[in-house]
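K.L.:
turn this into a structure:
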Amino acid sequence: MFQTLNCKELKEELLNNLRSCLEYLFPNGTFHSHEFWVGNIQGNRGKSLRVELTGDRKGLWKDFATNEKGDIIYLWAAVKGKNARTEFIEVMASIGEWLGKKHTSVEYLEKYLTYSWNYYDANNQVIVIVSRFDPPGRKKEYRPFNVKTLSYEAPVIRRCLEKK
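P.N.:
A predicted model of the protein is given here:
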């Protein structure tokens, strides 16, 4: 049976290992109280890019020089030269590999993924990626990946109803 990546668990484990993760991504960075400082996505020395280490904002980052920001998944993707929205499977596979996990579901997805479509909102932001899988001996499968919740589920559609 098809198994999906457990993205929430991977993100949680990455946050539980945040200090090690940041040392791996940015050897030139430094820890300061509740923040990690580094110069930029390329890992240069400095303090323009800051990552929160504790509390509700743990793993959130912002580069004050470029105004780029996001969560730890987006930071990982940026450092690895990937787009967290359009190359999400590859990003999560990379994180899983760093965490020492070999996800057969990632191998499955990469092996039998034949096409994917991005769907955008009114602001031209990807909201869902629908992927087609063609496993041998089985019917083709279409799976929506909700970019906002980082899970294989369709996004909630809000509809405005006109008053009569």
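K.L.:
tell me the confidence at Met1?
P.N.:
pLDDT, Met1: 31.
K.L.:
helix or strand for the closest residue to Lys101 other than its chain neighbours, which one?
P.N.:
In space, and not counting its chain neighbours, Lys101 is closest to Leu10: 7.6 Å by Cβ to Cβ, 6 or more residues apart in numbering. Any C-beta I mention is one placed from the backbone N, CA and C, and that applies to glycine too. Here Leu10 sits within helix 7-16, counting by DSSP states H and E.
K.L.:
how far does the helix or strand following that helix sit from its chain's centre?
P.N.:
Counting by DSSP H and E, the next helix or strand C-terminal to helix 7-16 is helix 18-25. How far helix 18-25 lies from its chain's middle: 16 Å, per Cα atoms, centre = their mean, to the nearest Å.
K.L.:
which strands and helices sit next to helix 18-25?
P.N.:
Packed against helix 18-25, as judged by 3 or more Cβ pairs under 8 Å, 6 or more residues apart in numbering; DSSP states H and E, are the following elements: strand 35-38, helix 72-79.
K.L.:
those into TSV, with extra columns for mean pLDDT and distance to Arg45?
P.N.:
Shown next, in TSV, are those (pLDDT from 0 to 100; distance: least, Cβ to Cβ, whole Å):
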stretch	mean pLDDT	distance to Arg45
strand 35-38	98	7
helix 72-79	95	15
